[in-house]
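Enquirer: for reference, the sequence and a predicted model appear below.
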Amino acid sequence: MKILLNNRDTHYSDTTLSIADIITKENFSYKRLVTRLNNKVVRDEEQKTTYVKNGDRLEIIHLMAGG
């Protein structure tokens, strides 16, 4: 499967992956993540049941506070 992840072409040998699976595979470890699939926000509780398809655009953004 080929997707656009954070504006990078990314390939996976798996054909079925949820957003939560991709977060794990890519080692996103921040507690506060915002995810958008094809420009639609996906809430935290939907990440395990929202599946990414070939050609999808996925953005995973970590929020950081600072001052």
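Expert: All right, it came through fine.
Enquirer: the protein: helices as residue ranges?
Expert: For the chain, applying DSSP state H gives helices covering 19-25.
Enquirer: pretty sure Asn6 sits against Arg36.
Expert: No: under the criterion of C-beta atoms under 8 Å, Asn6 is not in contact with Arg36, lying 10.3 Å apart. (Each C-beta comes from the backbone N, C-alpha and C, glycine too.)
Enquirer: if you drop the residues flanking it in sequence, what lies closest to His11?
Expert: The shortest distance from His11 to any non-neighbouring residue, by C-beta to C-beta, 6 or more residues apart in numbering, is to Lys2 (5.2 Å).
Enquirer: now that neighbour: how far from Arg57?
Expert: Distance, Lys2 to Arg57, using C-beta to C-beta, to the nearest Å: 11 Å.
Enquirer: who has more neighbours out of the two?
Expert: Shown here are Lys2 and Arg57; by other C-beta atoms under 10 Å, Arg57 has more neighbours (14 against 11).
Enquirer: correct me, but the residue nearest to His11 touches Ser13?
Expert: No: using C-beta under 8 Å, Lys2 is not in contact with Ser13; the gap is 10.9 Å.
Enquirer: fine by me, thanks again.
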